[in-house]
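Enquirer: Okay, here's the prediction I keep looking at, along with the sequence it came from:
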Number of protein chains: 2
Amino acid sequence: MPFQLQSSHITDSFWSHYRELVRTEMIPYQWDVLNDNADIVIEKERNDDNIPSEKSHAIENFKIAAGLKEGHHYGWVFQDSDVYKWLEAVAYSLSIHPDAQLQELADGVIDLIGLAQEQDGYINTYFSIEEPERRFKKLAESHELYCAGHFIEAAIAYYEATGNEKARTIACRLADCIDAHFGKEAGKIQGYDGHEEIELALTKLYTLTGEQRYLDLSLYFLYERGTDPTFFARQRAEDKGTTAVIEGMSHRQLTYYQAHQPVLEQETAEGHAVRLVYLCAGMADAAYLANDSKMLEACRRLWSNIVSKRMYITGGIGSTVDGEAFTTDYDLPNDTMYCETCASIGLIFFAFNMLKNEAKSQYADVLERALYNTAIGGMALDGKHFFYVNPLEVRPDSSLHDPGKSHVKVTRPAWFGCACCPPNLARLLTSLHQYVYTIHPQQRAVYTNLYVTGTAELKLDDQTVQLEQTSELPWEGNVAFQVHTDQPIDFTLALRIPYWSGEPVLTVNGESVSLDIKDGFVSLNRTWQKGDQLKLTLPMEIRQYSAHPLVRSDWGKLAIGRGPLIFCAEQEDNGANLHLIRVYSNQQATYRFDPELLGGVGTIEWQVERQQVGAEWEQVLYSSVAEPTYAPHTLKLIPYYSWANRTPGEMQVWLNKA
Amino acid sequence: MPFQLQSSHITDSFWSHYRELVRTEMIPYQWDVLNDNADIVIEKERNDDNIPSEKSHAIENFKIAAGLKEGHHYGWVFQDSDVYKWLEAVAYSLSIHPDAQLQELADGVIDLIGLAQEQDGYINTYFSIEEPERRFKKLAESHELYCAGHFIEAAIAYYEATGNEKARTIACRLADCIDAHFGKEAGKIQGYDGHEEIELALTKLYTLTGEQRYLDLSLYFLYERGTDPTFFARQRAEDKGTTAVIEGMSHRQLTYYQAHQPVLEQETAEGHAVRLVYLCAGMADAAYLANDSKMLEACRRLWSNIVSKRMYITGGIGSTVDGEAFTTDYDLPNDTMYCETCASIGLIFFAFNMLKNEAKSQYADVLERALYNTAIGGMALDGKHFFYVNPLEVRPDSSLHDPGKSHVKVTRPAWFGCACCPPNLARLLTSLHQYVYTIHPQQRAVYTNLYVTGTAELKLDDQTVQLEQTSELPWEGNVAFQVHTDQPIDFTLALRIPYWSGEPVLTVNGESVSLDIKDGFVSLNRTWQKGDQLKLTLPMEIRQYSAHPLVRSDWGKLAIGRGPLIFCAEQEDNGANLHLIRVYSNQQATYRFDPELLGGVGTIEWQVERQQVGAEWEQVLYSSVAEPTYAPHTLKLIPYYSWANRTPGEMQVWLNKA
């Protein structure tokens, strides 16, 4: 269909800031980490002796696997993926901001990976160096296809950014190797990786190359999953290795790997949250590419379970640290949850692939929610410190003394031994331009998912149309579009009306247009002229959100949002013991943008009350006579994403209601 | 001083019921368990492969250690203590209810333990059978002195109940063996057991025998503790054994064992809750016996920290499952806590030993709180099922799906692999008569700690006085005393005025007496005549308790108590989703005793509101428009101790306030 999104560029100041941080801070920093350069402090994400941490060794592993050096593999069995995610971020960054020196560095990494690739296309430094005989024999924990998927994603991005053919060739050889070993056919392994990722990478490779076998292989993995509940157990039993590839995994139930049922039968989001959303992202892309309506229906079921029963208001997912996993419907504790940064990034992938299937604003709403809150909250304003775990309520004393909260950090550490989150953020931020629009060629429609200042080039028939978007998000809901076309052209421009907007107002060339909202989008189907101007006003009101009454942790509480941002209270602005604050929902709050605070953020002030801890509580723990007393308090809220950038202290999203 | 409590008997129907259950159900049942008789199901207290569970093997271990059988030790390294606690409960039970057959059985166990005792007095079946060379070399985890303490306690009780001299002799030889190995002197071990218990046992042995060395040894262990922070680490380093005695202990910090500081410097209750309260019970008894005011001051500090900052309203302690431990001040989560039955029993020991030091009602108030709520709540009404963990809020779905709550059971299992709680309860209940009164000879005073129907014989100078108490607790606060004395006699009878009482009324021989309450006791110092009658009315009102405002988990909530009992809501009476109920504190609640319910319990009914989950929440997780709607609901509450005796379901102590 001659309707394509040729390119998309972001010039938005809010996002450019983050993308610049990735380019100037994260990419060089991570390069130092990957190469074990001096002065790099790597922290463990948890206190667990099974977790390696002292160094990355990731590039060294490749050199050893390539035969350039002697030595042993060090680090996680999935250490290679750190290199791949770095490479993917570099690829997007180069597409935004060419940099010959960086490209040369990355070309060298491609060459190194090529050298580490085995004759048959296999790449994995752990198994190549240490245990070649255990290849594909411990798939529950080996992460071999997970790493392969990350390389394929990186190679596609790098090929697209730089035209490096070698990257593409290595990726195809790797995919072909996997294709040769897995499948229904006799002699092949009827199985799949414990950590999904290859599925969504293969659909991307199919999209790039048009090779049907890659889509078929992705579909094979998706449909094979969970059909034989004995697969991992049989591999474990047959495995001749004397050591676990990762310690402490053998007790995990099949739900942890989403391998408890065929995916079409899975009704609820179970297990390790990152795995589940990576699986779903793969399912949604495969459903789109293969036009598989049953698969799409399964995606809709899982989506609905997540977003209507198992997602935090910040777009975080994963209610428990144990297995970094989902728990059960409406179980959303604010202070013991996991809400891994990577899981919200995976949710963004899932949402975006659903948008390809069907233009419903709920997907973009969730994408935006996860992006503006948990995803960028995973990163400090300096671009050098990162959260793995994104709590909605923190008390430093509890993190220190309650072992059930020891995973909840009060400040962002510099790096992690298991470095999945920072590079995942880097590749998301540098590729953000890909998420702004979705094309639906059959409708000759371009859907605007995100309001971000920038430009997009559309290829319509043989014409090129430029869409110039300006947006004041996330601080104000003023959006404008200008259409640049040489000749008048028919197509549909659809604009999302976000859930957070007040009564929207739309004008085309100054004349107001009545809004016919369908599935959360307003569609303007017209003959566009050169210079057509479109203005969309999405009033940003301070909104008080309640959670579903069955969410016990949020009962009697409310959270404040404005636009896509969820707000929170910090100790720095409000003193300790934030739970003593109670708000009256009929009291007016005021919004103000403070250019001096936290690099410039919107703030909300609210006249509320704060319970006083009187002398009657001296040495008293329970009382049948003490009456609570309150004093006026001016509550100050900041955007959730900007928390933990000042003095470490308490933070709270859900506020007690009076 | 010629002022003694000669004996104490309980005839109270509430408590006799429990004591009969111990005699008729628990003691025979546990005997079957200890002997691995058929049809005994033993459950694990947690899902943990390190926990043995299939059988007890405890008597078999003694037979092997005694040389009567061949074989290996099986079970926990502290498995012997199960036998000792059974023996102690049997001793008390025999003192209440003589039973020749049971006594013969127990005499046989004493004989068997005597055979398992080594030449030098040492007893521990694990080390005798498996690793004699590691004796006293792994004290952080070996539980050798812990087990010894339990034997000494059992032997004292058994000697006192039956006059069995052999029990006493074995105990003294065991204590002498320990005395020979531990102490300041060169060549002795300067150390202590990881699990306190020997300290409180040695003070009891001193009290029985008058042998100063037992008190000195107890004081030695107490004062040695925490002085050398390297002790456990050095033992670990020197230990030649190839295996851990208990797996998974080596990461525990010194606070876990209360070995981080000398006990006189410990300001807060830290670590494993049972250990801490056993330590404190030993400290309090030693302070009393040695007239050690510094030790008493340390006891007061730790007591105050527990009861004013770290204790649940049910008298439960231990805020986290990880280490079964205290966490930090005011950190009292209701649904993830531990609140081990044994810890509340230890708190009772501590409270009682503090009452020996100083007659302050706060100790008896806490003793009563722990007894009537968490302790007996640890046992099902059938006397055959037991809780280890005593939550204040339970939701079955969360226990099933949230790993952070998997230790919180919804029903009481039949028995545990680590069988500490049921036999601990058995010995507490059968010895309850010992806790009713405390004598302060110098004041010629007898203090009434608990209101329980029964009789006590006091020896005053050379006269015997019988105190006959009748009590309607826990259902009504009507108490009466009759003094039986042949001749008029001067002494003080002090009566506790509990924290839960309304305006108390006291009459002596029908004439009302003005109440001069000091430290929570009313003291009647008079010349008592034969047949003097005393009536104390302690009005029981339904009380609404608030927690200290810094207890986040209870903020905006209240708990209901009446008399010593804390009440709770169960799903069976109120439907699921108990958190949707909100109460108006100005609304009147009504109390009614229901003889048909749960073996006869007081119930409380309250007109409250219940939030409705309307259609606006269909597929919606967060809403800025939904307004909560409420419908009237009749809330029915039952005593906390009686929960989980019907259909498994939700339970909640702290109720949301409107």
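Expert: It's in. Numbers count the residues shown, from 1 in each chain, chains lettered A, B, ... in the order given.

Enquirer: how deep is the spatially closest residue to A:V321 that is not a sequence neighbour tucked in, by neighbour count?
Expert: Leaving aside its sequence neighbours, A:V321 sits nearest to A:H407 (CB to CB, 6 or more residues apart in numbering or on different chains; 4.6 Å). (C-beta placed from N, C-alpha, C; glycine too.) By other CB atoms under 10 Å in any protein chain shown, 21 other residues sit near A:H407.

Enquirer: All the helices of the stretch 101-250 of chain A, residue numbers only.
Expert: In the stretch 101-250 of chain A, the helices defined using DSSP state H, counting those that start in this stretch lie at A:125-129, A:139-142, A:144-162, A:165-181, A:198-209, A:212-224, A:231-238.

Enquirer: Which positions in the stretch 451-600 of chain A make contact with chain B?
Expert: A:543-552, A:555-556, A:559, A:561, A:577, A:579-580, A:582 (CB under 8 Å from any CB of the partner chain).

Enquirer: Pop the domain breakdown of chain A in here.
Expert: Per automatic domain parsing, the structural domains of chain A span A:3-435, A:437-537, A:543-657.

Enquirer: May I see those arranged in a markdown table, with mean pLDDT and distance to B:K518 as well?
Expert: A markdown table is the format used below for the domains of chain A (pLDDT from 0 to 100; distance: least, CB to CB, whole Å):
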| stretch | mean pLDDT | distance to B:K518 |
| --- | --- | --- |
| domain A:3-435 | 93 | 37 |
| domain A:437-537 | 96 | 63 |
| domain A:543-657 | 96 | 18 |
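
Enquirer: Of these, flag the one that's most buried.
Expert: Across the domains of chain A, the average number of neighbours (mean count of other CB atoms under 10 Å in any protein chain shown) peaks for domain A:3-435, which reaches a mean of 21.

Enquirer: Which residue is the nearest non-sequential neighbour of A:K137?
Expert: Distances taken as CB to CB, 6+ apart place A:D239 nearest to A:K137, at 5.4 Å, with adjacent residues excluded.

Enquirer: circling back to that earlier point, of the helices of the stretch 101-250 of chain A, which approaches chain B most closely?
Expert: Among the helices of the stretch 101-250 of chain A, helix A:231-238 comes nearest to chain B, with 15.3 Å by CB to the nearest CB.

Enquirer: now that closest one: how far from the chain's centre is it?
Expert: In this view, helix A:231-238 has its centroid 32 Å away from the chain centroid, taken as CA atoms, centre = their mean, to the nearest Å.

Enquirer: Spell out which parts of the stretch 301-450 of chain A neighbour chain B.
Expert: Counting by CB under 8 Å from any CB, the stretch 301-450 of chain A sits next to chain B at A:304, A:307-309, A:311, A:313, A:319-323, A:325, A:327-329, A:331, A:336, A:395, A:397-398, A:400-404.

Enquirer: hey, C-alpha coordinates of stretch A:23-32 in PDB?
Expert: Extracted as PDB, the C-alpha positions of stretch A:23-32 are listed here (Å, rounded to 0.1, in the frame of the first residue of the first chain):
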ATOM      1  CA  ARG A  23      23.800  10.600  23.900                       C
ATOM      2  CA  THR A  24      26.100  12.600  26.100                       C
ATOM      3  CA  GLU A  25      25.900  10.700  29.400                       C
ATOM      4  CA  MET A  26      24.500   7.200  29.100                       C
ATOM      5  CA  ILE A  27      26.100   5.900  25.900                       C
ATOM      6  CA  PRO A  28      29.600   7.000  26.900                       C
ATOM      7  CA  TYR A  29      29.000   5.800  30.500                       C
ATOM      8  CA  GLN A  30      27.700   2.500  29.400                       C
ATOM      9  CA  TRP A  31      30.600   2.000  27.000                       C
ATOM     10  CA  ASP A  32      32.900   2.500  30.000                       C
END
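
Enquirer: partners of the residue of the stretch 451-600 of chain A found nearest chain B in the sheet?
Expert: Relative to chain B, the nearest point of the stretch 451-600 of chain A is A:R543 (4.1 Å; CB to the nearest CB). Beta-bridge pairing of A:R543 under DSSP bridges involves A:G561.

Enquirer: my guess is it meets A:Y499, correct?
Expert: No - using CB atoms under 8 Å, A:R543 is not in contact with A:Y499; the gap is 9.3 Å.

Enquirer: want to try TSV for the helices of the stretch 101-250 of chain A, with distance to A:Q4 as columns?
Expert: Formatted as TSV, those follow (distance: least, CB to CB, whole Å):
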stretch	distance to A:Q4
helix A:125-129	38
helix A:139-142	37
helix A:144-162	14
helix A:165-181	20
helix A:198-209	12
helix A:212-224	19
helix A:231-238	40
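
Enquirer: And the domains of chain A: which comes nearest B:G183?
Expert: Distance to B:G183, taken as CB to CB, is lowest for domain A:3-435 among the domains of chain A, at 34.7 Å.

Enquirer: Pull up the distance across that closest one, start to finish.
Expert: The stretch domain A:3-435 measures 17 Å between its terminal residues, going by CA to CA, to the nearest Å.

Enquirer: Equivalent analysis for stretch A:259-277, please.
Expert: With CA to CA, one end of stretch A:259-277 sits 14 Å from the other.

Enquirer: next one: it to chain centre, how far?
Expert: From the chain centre to the centre of stretch A:259-277 is a distance of 18 Å (CA atoms, centre = their mean).

Enquirer: next one: stretch A:140-158
Expert: Worked out by CA atoms, centre = their mean, stretch A:140-158 lies 17 Å from the chain centre.

Enquirer: what does stretch A:473-484 give?
Expert: Taking CA atoms, centre = their mean, one finds stretch A:473-484 lying 24 Å from the centre of the chain it belongs to.

Enquirer: Enumerate the residues of the stretch 151-300 of chain A near chain B.
Expert: Proximity of the stretch 151-300 of chain A to chain B, by CB under 8 Å from any CB, involves residues A:H251.

Enquirer: Give me the three-state assignment for whatever residue of the stretch 151-300 of chain A ends up closest to chain B.
Expert: Per CB to the nearest CB, A:H251 is where the stretch 151-300 of chain A lies closest to chain B, at 7.7 Å. Three-state assignment for A:H251 (DSSP: H, G, I helix; E, B strand; the rest coil): coil.

Enquirer: Secondary structure element for the spatially most central residue of chain A, which one?
Expert: Closest to where the C-alpha atoms of chain A average out (CA atoms, centre = their mean) is A:I345, at 0.5 Å. Following DSSP states H and E, one finds A:I345 within helix A:341-357.

Enquirer: Test my guess that the residue nearest to A:V321 contacts A:V389.
Expert: Yes - using CB under 8 Å, A:H407 makes contact with A:V389 at a distance of 5.5 Å.

Enquirer: who touches both of those two?
Expert: Common neighbours of A:H407 and A:V389 (criterion: CB atoms under 8 Å, 6 or more residues apart in numbering or on different chains): A:V321, A:Y338.

Enquirer: what separates A:G346 from B:T470, distance-wise?
Expert: Distance of A:G346 to B:T470, given as CB to CB, to the nearest Å: 68 Å.
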